[in-house]
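Novice: Here is a sequence together with a model predicted from it:
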Amino acid sequence: MTDMTYSQALNSALRQEMRRDDRVVVLGQDVGVYGGVFSVTQGLLDEFGPERVLDTPISENGMVGAAVGMAMSGLRPVVEMMYTDFMTLALDSIANGAAVFPFAYGDQVQVPIVIRTQGGAGANGGPQHSKSLEAWTAHLPGIHTVLPSTAADAKGLLTSALRSDDPVALVEHKLLYKTTGPVPEGDHLVPLGTAQVVRPGTDVSILALSRMVGEALIAAEHLAAAGIDAEVVDIRSLRPLDVATLAASARRTGRVVVATEAWVRYGPSAEIAAAVTEAAFAELRAPVVRLGSLGVPYPASPALEPTVVPDAAGIQQSVETLVKE
């Protein structure tokens, strides 16, 4: 194990896979000379050269479309989408290309493309640089969607994504890049589609996604001091969704809070709540509670942004209210 930042863990995964498989190429805006806006591709251009690390024009649909063609031709491209907000510009290539071409061509082609992007609030990025749009790719049959919350999972999930023959959207979080944690050296794979119990508990299950996992763990410590034993489950993957692990937790505790950063309406929390309710209805003592951002554009103001996004205090309050019912 080596302590790494989340950014360094992602860089380690890319570097190891590029050394292992010369079909892996990286493209995107500022991924080469600059080393990535969040330093994830730092040093890759020096080691692998401009034929495998390509700086692209500011054209999201163009670079994803090019990556889809590269993947269908035998390469394994990794596209860095600087902000998930910009995914709106590439939806044609994602939804009408990467997601459907294997089906449309009767499995005669594969599209092993990885779309690395980052979302989430907390950096005062404003309404065009703060969204959590992971529900968009998770809604598409044919594309895996995973969200690492730790440095170890960042490396493990990206490595699994790079070895997958299916398209994968890896959604990072801007506030996690500088967080640190122990990361296995060498090969480290976290299977796509697996959730993980990160804190066992008996009174309530907090099913959390991405940065909300850390907030849920903080809330769980405060709840423990008040005599409430909270289990925290890192959802990790939206497609495939590990309903078995989530439902097993719900059955153990009988109460569930789903904590995500995305907008609540029509977001991932709705699907997770529905799936858990369908699978564990008889064991639930109360309806599933959902937490997410308020249904407004994200403000850039440092004073206003925290009022829109859920946090540990909000999770704690929701759990306390649920347990009292």
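Specialist: Nice, I can see it.

Novice: measure the nearest residue to Gly119 once chain neighbours are set aside to Pro148 for me?
Specialist: Nearest residue to Gly119, sequence neighbours excluded (Cβ to Cβ, 6 or more residues apart in numbering): Thr84, at 3.6 Å. For the C-beta atoms, the positions are set from N, CA and C on the backbone; glycine is no exception. Distance check for Thr84 against Pro148: by Cβ to Cβ, to the nearest Å, it reads 14 Å.

Novice: With Leu284 instead?
Specialist: Per Cβ to Cβ, Leu284 is found 29 Å from Pro148.

Novice: out of the two, which sits in the more crowded spot?
Specialist: Neighbours per residue (other Cβ atoms under 10 Å) separate Leu284 from Pro148, with Pro148 holding more: 26 against 16.

Novice: about what we covered before: for the residue nearest to Gly119, give its distance to Thr2.
Specialist: Using Cβ to Cβ, Thr84 is found at 29 Å from Thr2.

Novice: between the two, who's got more neighbours?
Specialist: Higher neighbour count among Thr84 and Thr2: Thr84, with 25 against 11, using other Cβ under 10 Å.

Novice: what residues are up against that one?
Specialist: 117-119, 131-134, 171 (Cβ atoms under 8 Å, 6 or more residues apart in numbering).

Novice: rerun that using 7 Å as the cut-off
Specialist: 117-119, 131, 133, 171 (Cβ atoms under 7 Å, 6 or more residues apart in numbering).

Novice: So which of the residues you listed belong to helices?
Specialist: Taking DSSP state H, every one of the contacts of Thr84 sits outside helices.

Novice: a markdown table for the residues you listed, including pLDDT, distance to Val68 and neighbour count?
Specialist: Converted to a markdown table, the contacts of Thr84 look like this (pLDDT from 0 to 100; distance: Cβ to Cβ, whole Å; neighbours: other Cβ atoms under 10 Å):
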| residue | pLDDT | distance to Val68 | neighbour count |
| --- | --- | --- | --- |
| Thr117 | 97 | 16 | 23 |
| Gln118 | 95 | 21 | 23 |
| Gly119 | 95 | 22 | 25 |
| Lys131 | 95 | 23 | 24 |
| Leu133 | 96 | 19 | 21 |
| Val171 | 98 | 19 | 25 |
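
Novice: From the residues you listed, which land in strands?
Specialist: Secondary structure defined by DSSP state E assigns 117-119, 171 of the contacts of Thr84 to strands.
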